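Asks: the following block contains a protein sequence and its predicted model.
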Amino acid sequence: MLRDALFLARMDARYLLTRRETILWTFVMPVIFFYFIGTITKNAGGGDARDPIAVSVPADAGFLAGQVIDRLKAANYRVVRPETRREFEEFRTRLEIPAGFTDAVLAGKPQKIRLTRTGKDVGADYDRVRLTRAVYTVLADLVVVTAGGGEATKERFAALEREPRTLTLEVKTAGRRIDPPTGFEQSVPGTMVMFTLLVMFTSGAVSLTIERHQGILRRLASSPMSRGAVVAGKWGARMAVGVIQIAFAMIAGTVIFHMRWGSNLPAVALVLLAYGALAATLGMLLGNFGRTEGQVIGFGVILSNVLAGLGGCWWPIEVTPWWAQKLALFLPTGLTMDALHKLVNFGASPAEVVPHFLVLTAAALAGMWLLARSFRFQ
């Protein structure tokens, strides 16, 4: 039986991996999705995001305007200086520095810097705080530079900036990470989990339906091979494709997108193997009970996308409502993504994902038992 199963698995895996649609959705599209989703979400909630602010600076504003801009950059702003008034008005957060700003300040004349922001929310208060801090920091530096009758110049401000500070603040993260992953940290594992299920629900399931319609399964049933060998061989082929797909996605994510899989790589691999086994089983079940190719493809595409969306493959499930996070734990995609986030991003130990591994494995075994008892040769 084992010899027959291995023979079928080897031949079927070779056949599946030479199909154009399998190659496309296993090796090409995941990398494109890694880049596309990872690029557009890399600043979504991450600590490296810089808030854009449009700054209008007249030509005669002087070097103190530059000091204010430098403080805004230090306050996590991405300063943009539009060339036209129309472009300036398109920004949500806008700052206008008056003409003759430096000369007026050095002459002791009060000056007003105008901050305009579309929308009144918590972010508006935060913008005012950061702008106020930037202005008063420049004012404090001006007091220091001019102390004792010194002249305020751009060079003296630069010299003050180079001087060592007598009081410094060191900030570092304590304990486990709490912010959800974004960018490639989310897109690489999320896309990998989604496309593994998608390939199993399409190529893996459809090929079984085609073999049934063409009479290939009936010929296998009349061969000396046992029913168990046929089922095990068909499942083994799809499991092999899933393992190759997962391994390729991990390597591509690491080499091209610098994805880091954490210090518990063996636990990550075990979780993904359990998920791959379940995905292969679900694909076999869909192909077993599906009647037509169109039915299998349509249902497979819809179901894989629904499970991906609800399971946190498209976005971090941690940013969704409480009920959505709980629902995800009852889905194979959500359970796998939760385990990956715990191991890769939140510093969890392998022991914390043992329940995830056991549930995925138990579900795969239950599906294989059902498949062995209900497998249709025609």
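Replies: That came through, no problem.
Asks: which parts of the strand or helix carrying residue 234 are buried?
Replies: Element membership for residue 234 (DSSP states H and E) is helix 227-257. Judged by neighbour count (16 or more other Cβ atoms under 10 Å), helix 227-257 contains these buried residues: 229-246, 249-250, 252-253, 257. Bear in mind the C-beta positions are built from the backbone N, C-alpha and C, glycine included.
Asks: by contact count, what packs against the helix or strand that comes right after that helix?
Replies: Moving toward the C-terminus from helix 227-257, the next helix or strand (DSSP H and E) is helix 265-289. Contacts defined by 3 or more Cβ pairs under 8 Å, 6 or more residues apart in numbering; DSSP states H and E place helix 265-289 against helix 184-199, helix 205-213, helix 227-257, helix 293-311, helix 332-340, helix 354-374.
Asks: in the last one, what counts as buried?
Replies: If you call a residue buried by 16+ other Cβ under 10 Å, then helix 354-374 has these buried ones: 356-357, 359-361, 363-364, 367-368, 371.
Asks: pLDDT weak spots in the stretch 101-250 of the chain?
Replies: Along the stretch 101-250 of the chain, the model assigns pLDDT under 70 to residues 120-123, 172-178.
Asks: hmm, 50 instead?
Replies: Within the stretch 101-250 of the chain, no range satisfies pLDDT under 50.
Asks: just give the number of residues close to the closest residue to residue 292 other than its chain neighbours.
Replies: Once flanking residues are discounted, residue 292 sits nearest to residue 209: 7.1 Å by Cβ to Cβ, 6 or more residues apart in numbering. The tally of other residues near residue 209 (other Cβ atoms under 10 Å) stands at 22.
Asks: residue 197 too?
Replies: 30.
Asks: hang on, it packs against residue 331?
Replies: No. Contact criterion Cβ atoms under 8 Å: residue 197 and residue 331 do not qualify, at 10.3 Å.
Asks: can you list the domain ranges for this protein.
Replies: 2-43+182-374, 51-162 (automatic domain parsing).
Asks: ok so, going back, show me which of the buried residues of helix 354-374 has the smallest pLDDT value.
Replies: The member of the buried residues of helix 354-374 with the lowest pLDDT is residue 371, and it reads 91.
Asks: which neighbouring elements make contact with the longest strand along the chain?
Replies: Ranked by number of residues, the top strand in the chain under DSSP state E is strand 51-56. Here strand 51-56 touches helix 63-74, strand 77-80, helix 85-89, strand 93-96, going by 3+ Cβ pairs under 8 Å, 6+ apart.
Asks: returning to what we had before: and the domains of the chain as JSON lines, adding distance to residue 170?
Replies: Listed next are the domains of the chain as JSON lines, based on distance: least, Cβ to Cβ, whole Å:
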{"stretch": "domain 2-43+182-374", "distance to residue 170": "21"}
{"stretch": "domain 51-162", "distance to residue 170": "16"}
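Asks: tell me the most buried of these?
Replies: domain 2-43+182-374 (a mean of 19; mean count of other Cβ atoms under 10 Å).
Asks: now the end-to-end length of it.
Replies: 20 Å (Cα to Cα, to the nearest Å).
Asks: distance between that domain and the chain's centre?
Replies: Relative to the chain's own centre, domain 2-43+182-374 is displaced by 18 Å; criterion: Cα atoms, centre = their mean, to the nearest Å.
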